[in-house]
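K.L.:
here is my input, please return the structure:
(4 chains)
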Protein chains: 2
Amino acid sequence: MSKQESPVLPSAPVSAEGEQACCAPLVCAPLTESEAAELASLFKAIADPVRLRLLSLIACHEGGEACVCDLTAAFELTAPTISHHLKVLKRAGLIDSQRRGTWVYYRLNPGMLERLSAILGPRTAVPASA
Amino acid sequence: MSKQESPVLPSAPVSAEGEQACCAPLVCAPLTESEAAELASLFKAIADPVRLRLLSLIACHEGGEACVCDLTAAFELTAPTISHHLKVLKRAGLIDSQRRGTWVYYRLNPGMLERLSAILGPRTAVPASA
DNA sequence: CCTCTAATTTGACATCTATCTATACAGAGG
DNA sequence: CCTCTGTATAGATAGATGTCAAATTAGAGG
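P.N.:
Coordinates of the predicted model:
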């Protein structure tokens, strides 16, 4: 794998000044070129109808994981195409896979969607008071 | 304009049952084909480093709006290219423009980013208690 | 070892997209 | 009216991307 973690994703978006983040990172300060590039590649990963449905199918599947065979069956696309989309999602760090016998199961990488969400909108992280 | 509002974006993601939404729409139930297509076209609009920076620049600019001349100056790209990206963002409903004299000003379309955010993550809406 | 099925990789191809140059449009000011 | 500046459109081109068919890998089970 060429890259796994995205440094642009704030794990703690709240500023250190004791005040809670005023707003989403995107509207707090202009993105730098490299931040924008990192973010864009993440959004590119989900900016596809097949990949969005894959994410959704995986997330909604019982146990939070889904076999490739289930996923492939949900589309009118060939297995290699589904495999390609899964690879894109995996490379973006959004999902992870695990082989069990003949089958391969995919599940959401926890936190990734929420972090992306936090980039766009305010107050997405769970309240710090809790 | 061929399309303006995206029916897939929930204006009120909280369920009517008095309970707050369990999770993001994406992980509540599998997306339908058309929902996924709608969403994908929205995410495609922001899945570009230049457009992300444009959104960020506009959002951070004083008065919440920015002139095309300011935006163009922030990149090493030609004016037509910037104009193209602004058009993409506008067609997606993310920004809106207003001509004042010779200059054209762009501003964020309120709520759009938050709605996108709500698709991905839980608890994006501002707390109802506030 | 052979075979069968599940999944991925490879390579090709058509389509889409980001960018540029050149041109056109819009308003301000001689 | 003409010209100048700011913005948008049109057309062209290089590169990225989604899809498929064919070939390959991985494990299960004769």
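
K.L.:
tally up the residues packed near A:Q98, please.
P.N.:
Residues lying near A:Q98 (other Cβ atoms under 10 Å in any protein chain shown) number 10. C-beta: built from backbone N, CA, C; applies to glycine.

K.L.:
and the residue positioned nearest the centre of chain A, what does it touch?
P.N.:
With distances taken as Cα atoms, centre = their mean, the residue of chain A nearest its centroid is A:L94 (3.5 Å). When the contact criterion is Cβ atoms under 8 Å, 6 or more residues apart in numbering or on different chains, the partners of A:L94 are A:42, A:45-46, A:55, A:108-109, A:112-113.

K.L.:
what pLDDT does the closest residue to A:S56 other than its chain neighbours get?
P.N.:
The shortest distance from A:S56 to any non-neighbouring residue, by Cβ to Cβ, 6 or more residues apart in numbering or on different chains, is to B:L31 (4.3 Å). Confidence at B:L31, expressed as pLDDT, is 93.

K.L.:
do the same with A:P7
P.N.:
Value for A:P7, per-residue pLDDT: 49.

K.L.:
hey, where'd the helices end up in chain A?
P.N.:
Assigned by DSSP state H, the helices in chain A fall at A:25-28, A:33-46, A:49-60, A:68-73, A:79-91, A:112-120.

K.L.:
starting at the chain centroid, how far to stretch A:78-88?
P.N.:
16 Å (Cα atoms, centre = their mean, to the nearest Å).

K.L.:
list the buried residues of it.
P.N.:
Counting neighbours by 16 or more other Cβ atoms under 10 Å in any protein chain shown, one finds that the buried residues in stretch A:78-88 are A:82, A:85-86, A:88.

K.L.:
those residues: which ones sit near DNA strand C?
P.N.:
Near DNA strand C, judged by Cβ under 7 Å from any atom of the strand, the entries from those are A:82, A:86.

K.L.:
among the helices of chain A, which comes closest to A:V104?
P.N.:
Of all these, it is helix A:68-73 that lies closest to A:V104, at 5.1 Å by Cβ to Cβ.

K.L.:
the closest one near chain B at all?
P.N.:
No: using Cβ under 8 Å from any Cβ of the partner chain, we find that helix A:68-73 stays clear of chain B, coming within 10.7 Å at best.

K.L.:
now stretch A:93-101: average pLDDT?
P.N.:
Stretch A:93-101 shows a mean pLDDT of 97 in the predicted model.
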